[in-house]
Every structure is written in structure tokens, then in C-alpha cells.
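J.: Got a predicted structure here, sequence first:
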Amino acid sequence: MTSDAQILTPPAGAGEGADPRRWLTLAILLLAAFMNLLDVSIVNIAIPSIQRDLHASYADVQWALAGYTLAYALVLITGGRLGDTFGRKRLFLIGVSGFTIMSALCGAAQSPGQLIAFRVVQGAMGAIMVPQVLAVIQVIFPPRERIKALAGFGITAGLGTVSGPLLGGLLIQHDLFGLSWRPIFLINVPVGILAVIFSAVLVRESRSPRPPRLDPVGVILVSAALLLLLYPLVEGRQLGWPGWTFVSMAASVPMFALFVWWEQVKTRRDGSPLVPPRLFSQREFSVGMAIAMTFFLGIASFGLVLTLFLQLGLGFTALHAGLTFLPFSLGVLASSGAAARLAPRFGRGVTMAGALICAAGMTGLIVAVHHYGAAVTTWDLVPGLVGVGFGLGAVIAPLADIVLDRVPHQDAGSASGVFNTGLQLGNSIGIAVIGVIFFALLGAQSGAAADAVAPALRSGAVAAGVPARAAAALEAQFRTCLHDRLVAADPTVTPASCRPRAGQVLPAAVHPVLARAGQAAVRDDFATSVARTLWFQVGVFGLSFLLMLAWPRGAGRKAHGSGDGDAAAGHAMVSPAVAADRGAVRAAAPVPAGQAVPAGPAVPAGPEQAT
């Protein structure tokens, strides 16, 4: 995110020259970082409310979240360079101001299109803001204190992870001022205003004495390649996978190749490509990027599946769903700090253990859902959620150290930008792929779910006064309605099979019978589909473990016996950019709740309930 030639003057020493306001400055920087992290994780809980209020389709909601992630990933690479060139304080103020304005506009959005557009710009503003936070920390803190400052950034990330779903649930549950989901965005406005005012006073300006050149052609090429890949993945299911979606995904390959060619040309021309090709000649970096993208295929997609299951399948309220995520978030928070202390001694072994713990925790969730089915409770899910959280925290902290450890100082900014972009890309692809898998399973399992409730439906309909022959026809219609509801591209549109047939009149007493059957069938279908879908995550984490074996045996290990002073000295010898970027990825732990794209079918209704 930042280059090695990034500070106007050397970092402050341990004594004289240290900014006397550095701890107050840190508080403001972390406030802005918390706002960004909170906004990622808080939106997840509000998705059903957003769907109902804005009449949004599955793809609309996916783009409202994936668009933020994509914009954030694309701008991260150049965000640090802009700060190096034009001043970190200036870019920080621009990022915070823009993020705050976009938050207000998201809260006022009146259509899915508006929300998507504002979220995309909000993600870009976040990507401008966050790199400056880490760069300023490197400038104002002496090496011995810098570790504590970066640890504070990590704690902030953990708090953002923990508080996002819970705070979102509270805001939606209490429906502040009758605004439904809108306060989850509007809460950023007063926080952003405070950050702008205090940072304007406290943060001192800094910039690189040798500003790196930008690579706008590289940005355009890589953006086009990513859009060619991601757009059909997000839109394809709703559109029925027309031919152009496959053409678009295939076209992303030559576009990526063109980007690689241009970066080589840019390297020969002025030595300032967006992504230096020499980075991938290093085993730790190239293998680490493959691990990062693979591992994070399963993180945001897990949040998608779990949110759909809790809120749409089991009917949990937003607050209940947020509380269910809490053990996972606390597991991440608890293990990330321990992993950072253990990684210097055990190196890649910590990340390998974390990947296996994630796979074991996910398997535990599968067992719980399979065993309890539609009757599963939050307490039944706690052991698996804690396990997945512990595993994720164990991977996040050491992963960036290994990937960036041998990167030359002059490439530190590009390397960290590529790494963070890889994480976001993995999240986005995982969300799109898991949507295809999960909704396909929902449709495939609808027949079994209908079979499970058919006896109760027939007997209840007959008891309500429906003739036996008509009850059989009603059951057949219910079966079709259930399937069409579960695979519908737009949950706001009632399938034709769920509408009353011409001349069909049902006794009033049969309405609750159909409602109970619909709810039971949806719960059973979701439980079965979730238990099968989560094997995707198990496979992803297992593959990540195998890829970690390709790292050198000593990857991530540091010299033993170093005390705090030695550690501080080591950080002083490392480029500020490297230290900043390592701290960034340790702290900015992506969370499943933050990237998930929940969107799902409503409870299937009987014909008489259709509207």
C-alpha cells in the first residue's frame, strides 16, 4: 500500500522527536479504521430488511456488498501511492470525508441501484482512507512503540468484527425512528465528522521525498479483467446463465494476460508498474498469494450461508442472528493475538494448524446441523463457530508476515496492495460461487422437504374440510410452489405456481395448515442444503493446508531469544512500509459476516397466501 521511500523524515526515535500527540492521533486513526471495519460486518445482518424495503433481487443485494468489496480491492493498490505522492493527511481526510458522505447517502437510498452505486464509492473511499492510517502510524511512532500501536489496530479490527453483527441486530431490532435498516449506515455520520475534525488538528502531514509514479493503464486493465470475471458470476444465476456470461468469464483470461504484459512493459519503461512481476519469483509470495485467495474463498461465503440459514431458514431475528455470530467473532479476536506470538517460533506451522482447525470447526457445524436438522439452536452451533473463529485468527496473523517477509523494500507497497486485493478477490469469488451451489441445492432438496411435510399437509387439509381428491391436488401444487419459491431469482415476485388457480376456493381453516407446512419445509430444506454446502468450505480449508506445504520449512520463523528490545530494533531495520503492511493484514481480519451476500427466498406460501 505504501512504498519504501515513503516518509519525509526518518521515523521518530524512542526519545526526542516523537510526536507528543501520537497517542491522541492514534485514537482518531483507529476510530476511522473502526468505522470502516464496522461497516463491512454490520451490513450482513440487515440484508433481509433491505430486500423487503427496497424490493431488491438476489443480484441487487449481492452487488450492494460485492461491489463494496470489489471497489475496496481495486483502489487499495493505488491508495497508498496516492498518499505517498500527495500527502497522507490530505488523502486520509479525503477518504474519511468521502466515506462519511457515502454512508449518509447509503442510509438515504431509495432504490437498489442507488444503494449499489453509493456502496461502490464508499468502498473506494475506504480503500483511500485505510492505507493512510497505517502509514501515519509508521511516521509518528518510534520503533519500540510502533508494535503497540499496530496491536491497537489489531484490537480495533477484532472489536469491529465482534460488534458489527451485534450492533446491526440491535439497531434493526429496535427500529430507531422507524428507519428500519438505515441506521446501520447513518451511524457512521457522527463518527466520521468527529474523525475529520480531530484528524485535521492532530495528524501531521507526511509524504514521500521520491513520489512513485502511478500506473493508470494497469489499474484499468486489472479492473476490466476482474469485472469480466465477477459480473457474470454475480448476475448469471438470475439471468439463467446466458451464453454471454461464459464468454465474459473466458475473456477475463486474455485480459489478465494483457495486464501481465503491460506490467512488464511498464517495468522496462520506468520501473513503476502497478504490480512488479518480480514479486512472483519469490516462493513465499507466489505460494502465499495462492493460499490467501484459496483460503478466503471460504470465509465470506461461509457468512453468506450462515446468515441465510439463520434468518431465512430458521426465522431468527436480526438480533438473534447477530448474537449467534458472536462466538465466531470472539474466537477470531482471542486467537489472532496468540498466533502473532507463536508464529515467530513455529512459522508456517501456525497457519497450517489454523487451516485444519477451520476445517474441523466447519465439520462440527455440519455434524450439528445434520444431527439436529431444523431444530438446531444457537447453542448447538457454538462449538463449531468457536472452532472456525479460532482457526481463522490463527491464519490471519502469520499469513501476511510469511507472504511479505522476503519482499524487497522498494516493492513493499505493491506487495501489500496485491495481497489485500487477493483477499478481497477470494471473498468476492467465494460469494458468487457459493450462491450458485447453495441455491442449486435448495432447489434439488425441495422434493424431499415437501415429502417430509406431505402427510401432515394432507391430513390437515382434510380435517379443515378439503375433499380428499382436492387435498391431493393441493399437495401437488404446494410441492411445485415450494420448489419455485426456493429457486426464484427474485424473492419479491410470487411464482405463478403459488397463486390460486382459477375457481379455486379453500376453507379459511386450511390457511394455517399451509403456513405451517411451508415453514417446516423451508426449515428442513435449508438445514439439509446448509449441511451439504459447508463441505465446500471444508474442502477449501483442506486445500489451503496442502498449499501451505509448498512453503519452505522455515517460512515465518524468526530468530529465537529476541526480547522486546530486539524486536523493536528489528522493526526499526525493516522498511516502514513492510512493518505497516504486516500490521495492516494482521489487523484487518476479514470476517465472514462482513462479506457475505445474503439473499434468499421467502417462506413458501400456499396458494391462498400468495399476493
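T.: Now that the structure is in, tell me what you want to look at.
J.: Who's the closest spatial neighbour of Ala32, skipping the chain neighbours?
T.: Among residues not flanking Ala32 along the chain, Ala195 sits closest, at 4.5 Å (CB to CB, 6 or more residues apart in numbering). The way it works is simple: take the backbone N, C-alpha and C, and place the C-beta from them, glycine included.
J.: next one: the helix or strand in which the one you found is found to chain centre, how far?
T.: Using DSSP states H and E, the element containing Ala195 is helix 188-202. Helix 188-202 sits 25 Å away from the centroid of its parent chain (CA atoms, centre = their mean, to the nearest Å).
J.: Just give the number of residues close to the nearest residue to Ala550 once chain neighbours are set aside.
T.: Leaving aside its sequence neighbours, Ala550 sits nearest to Val287 (CB to CB, 6+ apart; 4.8 Å). Val287: 21 surrounding residues under other CB atoms under 10 Å.
J.: quick one, what contacts Val287?
T.: By CB atoms under 8 Å, 6 or more residues apart in numbering, Val287 lies in contact with 547, 550-551.
J.: Please identify the helix or strand for it.
T.: Going by DSSP H and E, Val287 is part of helix 283-295.
J.: Also Ile116?
T.: Counting by DSSP H and E, Ile116 is found in helix 112-140.
J.: So which elements touch that helix?
T.: Where contact means 3 or more CB pairs under 8 Å, 6 or more residues apart in numbering; DSSP states H and E, helix 112-140 is packed against helix 22-42, helix 47-54, helix 58-86, helix 88-107, helix 143-174, helix 576-587.
J.: Give the buried residues for that helix.
T.: Neighbour counts using 16 or more other CB atoms under 10 Å place 112, 115-140 of helix 112-140 among the buried residues.
J.: Per-residue pLDDT of the residue located most distally from the centre of the chain, please?
T.: When distances are taken from the C-alpha mean of the chain, Pro467 lies farthest, 51.5 Å away, according to CA atoms, centre = their mean. Pro467 carries a pLDDT score of 82 in this model.
J.: Next one: it relative to Leu54, how far apart?
T.: Pro467 sits 43 Å away from Leu54, going by CB to CB, to the nearest Å.
J.: same deal with Ala454?
T.: 36 Å.
J.: And these two? Which one has more around it.
T.: Between Ala454 and Leu54, counting by other CB under 10 Å, Leu54 is the more crowded of the two (20 against 17).
J.: For the more buried one, which non-adjacent residue is spatially closest?
T.: Leu54 sits nearest to Pro112 (CB to CB, 6+ apart), 5.1 Å away.
J.: That neighbour touches Leu65, doesn't it?
T.: No. Pro112 is beyond contact range of Leu65, at 11.9 Å (criterion: CB atoms under 8 Å).
J.: which secondary structure elements does the strand or helix carrying Gly387 contact?
T.: Assigning secondary structure by DSSP H and E places Gly387 in helix 378-404. Judged by 3+ CB pairs under 8 Å, 6+ apart, helix 378-404 is in contact with helix 283-295, helix 318-346, helix 348-372, helix 412-444, helix 576-587.
J.: residues of the first one that come out buried?
T.: Spelled out, that is helix 283-295. 284-285, 287-295.
J.: wait, which of the residues you listed is closest to Arg269?
T.: Phe285 (23.1 Å; CB to CB).
J.: how far away is the closest one from Asp84?
T.: Counting by CB to CB, the gap from Phe285 to Asp84 is 21 Å.
J.: circling back: with distance to Gly391 and pLDDT as new columns, can the buried residues of helix 283-295 be given to me in TSV?
T.: Putting those into TSV (distance: CB to CB, whole Å; pLDDT from 0 to 100) gives the following:
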residue	distance to Gly391	pLDDT
Glu284	21	85
Phe285	23	87
Val287	19	90
Gly288	17	89
Met289	20	90
Ala290	19	92
Ile291	14	93
Ala292	15	88
Met293	17	90
Thr294	14	93
Phe295	10	93
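J.: on that earlier part again, filter the contacts of Val287 down to the buried ones.
T.: For these, buried by 16+ other CB under 10 Å: 547, 551.
J.: thinking again about what came up before, can you tell me which of the helices and strands packed on helix 378-404 is packed in deepest?
T.: With neighbours taken as mean count of other CB atoms under 10 Å, the helices and strands packed on helix 378-404 reach their highest mean count in helix 576-587, at a mean of 27.
J.: Now do the same for the nearest residue to Val75 once chain neighbours are set aside: its pLDDT.
T.: Once flanking residues are discounted, Val75 sits nearest to Ala127: 3.6 Å by CB to CB, 6+ apart. Per-residue confidence (pLDDT) for Ala127: 88.
J.: quick one: Ala127 and Arg81 touch, right?
T.: No. Counting by CB under 8 Å, Ala127 sits too far from Arg81 to count as a contact (11.6 Å).
J.: Gly83: what's it in contact with?
T.: 2, 90-92, 131-132, 135, 207.
J.: Quickly name whichever of the residues you listed is closest to Arg21.
T.: Phe92 (15.2 Å).
J.: Assign Arg204 to helix, strand or coil.
T.: Of the three states, Arg204 takes coil under DSSP: H, G, I helix; E, B strand; the rest coil.
J.: is it true that Gly384 touches Ala368?
T.: Yes. The criterion here is CB under 8 Å, and Gly384 meets it with Ala368 at 5.9 Å.
J.: Point out where the stretch 251-400 of the chain drops to low pLDDT.
T.: Scanning the stretch 251-400 of the chain for pLDDT under 70 picks out the ranges 397.
J.: Low-confidence regions, the stretch 501-611 of the chain specifically.
T.: Ranges of the stretch 501-611 of the chain meeting pLDDT under 70: 502-504, 558-611.
J.: Ile184 and Ser49 touch, don't they?
T.: No. Ile184 sits out of contact with Ser49 when judged by CB under 8 Å, with a separation of 9.1 Å.
J.: So between those two, which is more surrounded?
T.: It is Ile184, of Ile184 and Ser49, that has more neighbours when counted by other CB under 10 Å, with 29 against 18.
J.: Which strands or helices does the helix or strand in which the more buried one is found pack on?
T.: Assessed by DSSP H and E, Ile184 sits inside helix 183-186. Packed against helix 183-186 by the contact rule (3+ CB pairs under 8 Å, 6+ apart) you find helix 22-42, helix 88-107, helix 143-174.
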